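Novice: predicted model, plus sequence, below.
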Amino acid sequence: MDELKEYIQKVSDAANETLERILPPETHYPASIHTLMRYSSFAGGKRVRPCLVMAAYEACGGEFGDEKAMKTAAAIEMLHTFSLIHDDLPCMDDDDFRRGKPTAHKAFNEALAVLGGDALCILAFEVLASIGRVDIITEIAVALGTNGMIGGQVVDIESEGKTVDKATVEYIHNNKTTALIRASVKIGAMLANAPTQTIEKLTSYGNNVGLAFQVIDDILDEESTSETLGKNVGRDKDKGKATFPAIVGMAESKRYAQELIENAWKDIAFLGDKGAVLKDLAEYIRVRIS
């Protein structure tokens with residue numbers, strides 16, 4: 001895991017450097033929204049999605065540090081940050097802390113948080129447009145839309161306090177969380193112009209890893225602490241959220257998460273040593289509940 005930690009740090013440093021160049025400076029008028037965009041973008045986090053973009057890109061023959069790949073990874077992180085800002089709003093999950101710091105609407109105000117999230121989303125697509133790959137822009141747009149993240153968020157909200165089945169929980173997780181993770185892996189392969197079969201295998205890997213990530217998040221919300229996660233815990237149960245532990249129990253949730261990670265490993269077995277970082281990233285996600 002030491003090598004993986006070094007890789008995560010390398011991607012994080014490169015992504016931060018790219019974000020530093022892309023994001024408007026805090027002094028740029030109107031300063032308030034640019035300050036919020038930077039506050040949320042540099043609030044911490046492991047840059048898992050940029051890591052998945054770069055690991056898939058390199059596994060398919062791309063070179064680390066390529067400007068188009070780094071811009072794509074940075075855009076993905078901006079989109080993830082936009083989703084977190086909006087997810088934390090009082091009208092959504094109403095969270096006070098994210099990554100150990102006050103959420104955007106708490107550090108600034110609700111209206112600015114809405115606009116700051118919007119601004120990050122729009123800027124991300126401006127950056128993606130500069131790369132000149134309509135196929136990649138389309139892939140990400142679908143992952144964010146009503147057949148992706150937004151659709152999952154809608155059903156998540158509408159399911160609060162209700163008795164739902166496993167299929168509904170899987171729909172929420174497959175769209176609200178998995179869609180962007182799956183897209184991160186897939187576009188990394190697309191950027192490297194990988195063969196169709198390779199892209200399909202990596203897409204399946206992204207789907208398994210993404211769903212495992214959210215199942216594990218559900219588990220941690222019940223078993224971990226606010227200090228460890230950097231955000232409020234126990235909120236899912238308090239709000240009657242549709243989660244895997246609520247539907248199938250804790251033991252089955254942990255078994256399912258392990259199964260998903262093992263399936264992800266099988267998806268990338270054909271890569272051999274080229275898939276080592278992707279394999280380690282899947283394990284990195286799994287060990288949070290070991």
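Specialist: Here it is on my side, so go on.
Novice: and Ile247, what is it in contact with?
Specialist: Val164, Asp165, Lys166, Val169 (Cβ atoms under 8 Å, 6 or more residues apart in numbering). For glycine as for every other residue, the C-beta is placed from the backbone atoms N, C-alpha and C.
Novice: ok so it is a helix residue?
Specialist: Yes. Secondary structure of Ile247 (DSSP: H, G, I helix; E, B strand; the rest coil): part of a helix.
Novice: who are the neighbours of the strand or helix carrying Met78, in terms of helices and strands?
Specialist: Per DSSP states H and E, Met78 falls inside helix 67-87. The helices and strands touching helix 67-87, judged by 3 or more Cβ pairs under 8 Å, 6 or more residues apart in numbering; DSSP states H and E, are helix 2-22, helix 31-41, helix 48-59, helix 110-131, helix 134-144, helix 178-191.
Novice: rounded mean pLDDT for stretch 121-134, please.
Specialist: Mean pLDDT, stretch 121-134: 97.
Novice: so what touches stretch 17-32?
Specialist: Contacting residues not belonging to stretch 17-32 are listed as 34-35, 37-38, 41-42, 70-71, 73-74, 77-78, 108, 112, 123, 127 [Cβ under 8 Å, 6+ apart].
Novice: one step back: what subset of the contacts of Ile247 is buried?
Specialist: Neighbour-count burial (16 or more other Cβ atoms under 10 Å) is assigned, among the contacts of Ile247, to Val164, Val169.
Novice: could I get the contacts of Ile247 as CSV with distance to Asn208?
Specialist: What follows is the contacts of Ile247, written out as CSV (distance: Cβ to Cβ, whole Å):
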residue, distance to Asn208
Val164, 22
Asp165, 21
Lys166, 17
Val169, 16
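Novice: turn the contacts of Ile247 into CSV, including distance to Pro25 and secondary structure.
Specialist: Listed next are the contacts of Ile247 as CSV, based on distance: Cβ to Cβ, whole Å; DSSP: H, G, I helix; E, B strand; the rest coil:
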residue, distance to Pro25, secondary structure
Val164, 45, coil
Asp165, 49, coil
Lys166, 47, helix
Val169, 42, helix
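Novice: closest one to Ile187 out of the contacts of Ile247, please.
Specialist: Proximity of those to Ile187 (Cβ to Cβ) peaks at Val169, which lies at 26.5 Å.
Novice: quick check, that closest one in contact with Pro245.
Specialist: No. Applying Cβ atoms under 8 Å as the test, Val169 and Pro245 come out as separate, 9.9 Å apart.
Novice: tell me the buried residues in the longest helix along the chain?
Specialist: Ranked by residue count and defined by DSSP state H, the top helix of the chain is helix 196-223. Neighbour-count burial for helix 196-223 flags 198-199, 201-221 (criterion: 16+ other Cβ under 10 Å).
Novice: now the stretch 151-290 of the chain, which segments are flagged as low pLDDT?
Specialist: Within the stretch 151-290 of the chain, the segments meeting pLDDT under 70 span 224-238, 288-290.
Novice: switch to 50 and redo it
Specialist: 289-290 (pLDDT under 50).
Novice: next: the stretch 1-150 of the chain.
Specialist: By pLDDT under 50, the stretch 1-150 of the chain has no low-scoring segment.
Novice: stretch 90-105 spans what distance, first to last residue?
Specialist: By Cα to Cα, to the nearest Å, the extent of stretch 90-105 from end to end equals 8 Å.
Novice: picking that back up, between the longest helix of the chain and helix 178-191, how many degrees?
Specialist: Counting by axes from the mean of the first three to the mean of the last three Cα atoms, to 10 degrees, helix 196-223 lies at 150 degrees to helix 178-191.
Novice: nothing else from me, thank you.
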